[in-house]
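Colleague: need a structure here:
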Amino acid sequence: MPGGRLSHQERRSIAEGLAEGLAYAEIARSLDRPTSTITREVTRNGGPTGYRADQAHRATERRARRRTPAPTPVPPAETDAHGRDPEAVRDFEEQFTALFVQTGLPKMAARVLGCLYAADTGSRTAAELVQRLRVSPASISLAVHYLEEQELIRRERDPGKRHERYVIDDDVWFRAMLASAKTNALLAEAAHQGARTLGATTPAGMRLADMGRFLTHVGQDLVTSAEHWREVFSTGPGSGTADRPQQAQGRSPGLRVAQE
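Modeller: This next block holds a predicted model:
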């Protein structure tokens, strides 16, 4: 199976395959490449609907020119300690960043978030982010400010030191699930109101009633599942309970999905 960088022609073949609706695995087989190579290539260059072969090739050349004159940075101690390939870690960060961008995060904020998730400590100082991402301190400052406003990260001060660390908030995905459930609850309530307004026996009313019931039950399941798995994983690594189903003891106040 060939290795190395994708050629311009291979990128055109990828674009043609995407246009034809082929899966990544099918495109990879036609090029005799690993599926992960195609997935990473498409994800970091606009996604399946925005991928453009010429633009992707130019972007790769620009990245290569930027990296060539710069000395290879010394991998963090955490990477060496676990025997990980620094280039593979960077590839993962780029792929994760591209996915965050697709969810709506600004590019630099997404890069910072991806960098923090790839750190074993889940945290880095501003200076470490500048060195790791090779950007200006001002860019990092704007990005972390945005992420703090979105409650995706928080800052902590190292004991006895002046600098602060930016830390992944452990509850961020739990809160995101609750926010999604709250949106479902509002939509369900509106749908039930619409069904009453239009008439429960009319086609439009029945359609809205079905929508309301569906969103109500999905929202309730989402809240229950989020609270349950938060309790399971809050036991921490090494406790031996993280992979066993448990009944969540705590309930999160302030959110209950609207009843039918």
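
Colleague: For this protein, name the helix or strand with the lowest mean pLDDT.
Modeller: Least confident element among the helices and strands of the chain, by mean pLDDT, DSSP states H and E: helix 77-81 (a mean of 52).

Colleague: Next secondary structure after that one?
Modeller: helix 86-102 (DSSP states H and E).

Colleague: The very next helix or strand once past that next one packs against which elements?
Modeller: Where DSSP H and E defines the elements, the next helix or strand beyond helix 86-102 is helix 107-117. Judged by 3 or more C-beta pairs under 8 Å, 6 or more residues apart in numbering; DSSP states H and E, helix 107-117 is in contact with helix 86-102, strand 123-125, helix 126-133, helix 137-149, strand 153-157, strand 164-168. Quick note: C-beta positions are derived from backbone N, CA and C, even for glycine.

Colleague: Those into CSV, with extra columns for distance to residue 61 and mean neighbour count?
Modeller: Listed next are the helices and strands packed on helix 107-117 as CSV, based on distance: least, C-beta to C-beta, whole Å; neighbours: other C-beta atoms under 10 Å:
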stretch, distance to residue 61, mean neighbour count
helix 86-102, 16, 17
strand 123-125, 29, 19
helix 126-133, 20, 17
helix 137-149, 23, 16
strand 153-157, 33, 15
strand 164-168, 32, 19
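
Colleague: Redo these as a markdown table? Include distance to residue 184 and mean pLDDT.
Modeller: Listed next are those as a markdown table, based on distance: least, C-beta to C-beta, whole Å; pLDDT from 0 to 100:
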| stretch | distance to residue 184 | mean pLDDT |
| --- | --- | --- |
| helix 86-102 | 22 | 89 |
| strand 123-125 | 33 | 93 |
| helix 126-133 | 35 | 92 |
| helix 137-149 | 24 | 92 |
| strand 153-157 | 26 | 89 |
| strand 164-168 | 26 | 91 |
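
Colleague: Adding distance to residue 228, write these out as JSON lines.
Modeller: Below are these laid out as JSON lines (distance: least, C-beta to C-beta, whole Å):
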{"stretch": "helix 86-102", "distance to residue 228": "26"}
{"stretch": "strand 123-125", "distance to residue 228": "27"}
{"stretch": "helix 126-133", "distance to residue 228": "34"}
{"stretch": "helix 137-149", "distance to residue 228": "27"}
{"stretch": "strand 153-157", "distance to residue 228": "25"}
{"stretch": "strand 164-168", "distance to residue 228": "22"}
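
Colleague: which one of the ones you listed lies closest to residue 24?
Modeller: Distance to residue 24, taken as C-beta to C-beta, is lowest for helix 86-102 among those, at 12.7 Å.

Colleague: How far off centre is that closest one?
Modeller: Its chain's C-alpha centre and that of helix 86-102 lie 10 Å apart, by C-alpha atoms, centre = their mean, to the nearest Å.

Colleague: swap in stretch 35-53?
Modeller: Relative to the centre of its chain, stretch 35-53 is centred 16 Å away, using C-alpha atoms, centre = their mean.
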